[in-house]
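In: Here is the input, now give the coordinates:
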Amino acid sequence: MSGPAKIFIIDDDAGVRDALTMLLEAAGHAVEAFQSAADFLGNFTPCNLGCIILDVNMPDMDGPTLQEELIRRGLRLPVIFLSGHGTIPVSVRTIKAGAMDFLTKPVAGSVLLAHVQKALEQSSLQQKKIGSYQSIYSRLATLTKRENEVLILAISGCVSKEIAVRLGISYRTVEIHRAHILQKTGASNLLELARISGILESLQAPD
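Out: Reported below is the predicted structural model:
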């Protein structure tokens, strides 16, 4: 799913799709355009970098419903809604669901390009964050079962003596495990361990 940034346009109006494609390609962006939500879901090429320009009112599946489906599938590209029929309740719904912007047609080309650039910057930051999380996850995966047990108790606030009693091991053994955990994860202290553990939980949490 890696590769250059790409702009996905989803709009049932062919004229809008063509105009947006010409504008974005002239600005140097790679573009894929789709006439419906179903067309997009069935044919788009996934990527990590980019954004989605999404119409609100479309047949079969409207824009906000597609946004919810993308979230359910874990597709986190920034979404810019572009609609000629936007209402305050719809715009509030989409922004609360994580949309980056809600623009009204017609929109000036310079304005749209500015919003696209902002979305691409956010997409890049998200990708860097994901890469960091994956690195942390791979380091946590090297911990042994016992080291994981010590880690869970340590970040819950237990000191080494309490951990030793709970696990039925010596204080010295707990200290050795803690040293190994710090070495394997690259953490420098308990607070850092708690942060790393929190990231792991967020990775494992269902969408």
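
In: Every contact and neighbour count from this point should use C-alpha atoms.
Out: Will do.

In: From the structure, what's the count of residues near Phe102?
Out: Phe102 has 20 neighbours, counted by other Cα atoms under 10 Å.

In: Going toward the C-terminus from the helix or strand where Ser124 lies, what's the next helix or strand?
Out: For Ser124, the element it lies in under DSSP states H and E is helix 109-140. Under the assignment DSSP H and E, the closest C-terminal helix or strand after helix 109-140 is helix 145-155.

In: Can you tell me what sits against that next one?
Out: 160, 163, 174, 177-178, 180-181, 190-191, 193-194 (Cα atoms under 8 Å, 6 or more residues apart in numbering).

In: Return the member of the residues you listed nearest to Ala33.
Out: Ala194 (43.5 Å; Cα to Cα).

In: Show me this structure divided up by domain.
Out: The chain breaks down by automatic domain parsing into domains covering 6-130, 142-204.

In: just checking, which of the contacts of helix 145-155 belong to helices?
Out: Of the positions in the contacts of helix 145-155, 160, 163, 174, 177-178, 180-181, 190-191, 193-194 sit in helices, assigned by DSSP state H.

In: Only whichever of those residues are buried, select them in PyMOL.
Out: Restricted to buried positions by 16 or more other Cα atoms under 10 Å, the PyMOL selection for the ones in helices among the contacts of helix 145-155 reads:
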select buried, resi 160+163+174+177+178+181+193+194
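
In: Name the spans of the chain whose pLDDT lies under the cut-off.
Out: Across the chain, residues meeting the criterion (pLDDT under 70) sit at 1-3, 86, 131-134, 196-207.

In: Report the secondary structure element holding the residue positioned nearest the centre of it.
Out: Geometric centre of the chain, nearest residue: Arg76, 4.3 Å, by Cα atoms, centre = their mean. Using DSSP H and E, Arg76 sits in no helix or strand.

In: Not counting its own residues, what contacts stretch 104-111?
Out: With Cα under 8 Å, 6+ apart, stretch 104-111 has contacts from 23, 82-86.

In: Compare these and tell me which is most surrounded.
Out: Neighbour max across the contacts of stretch 104-111 (other Cα under 10 Å) = Leu82, 24 neighbours.

In: does that one really touch Asn57, like I thought?
Out: No: applying Cα atoms under 8 Å as the test, Leu82 and Asn57 come out as separate, 10.0 Å apart.

In: Among the ones in helices among the contacts of helix 145-155, which one lies nearest to Asp39?
Out: Ala194 (43.3 Å).

In: measure the residue of the chain most remote from its centre to Lys145 for me?
Out: Most distant residue from the mean C-alpha position of the chain: Ser170, 42.3 Å away (Cα atoms, centre = their mean). Look at Ser170 and Lys145: by Cα to Cα, to the nearest Å, they are 17 Å apart.

In: same thing with Ile130?
Out: Counting by Cα to Cα - Ile130 and Lys145 are separated by 25 Å.
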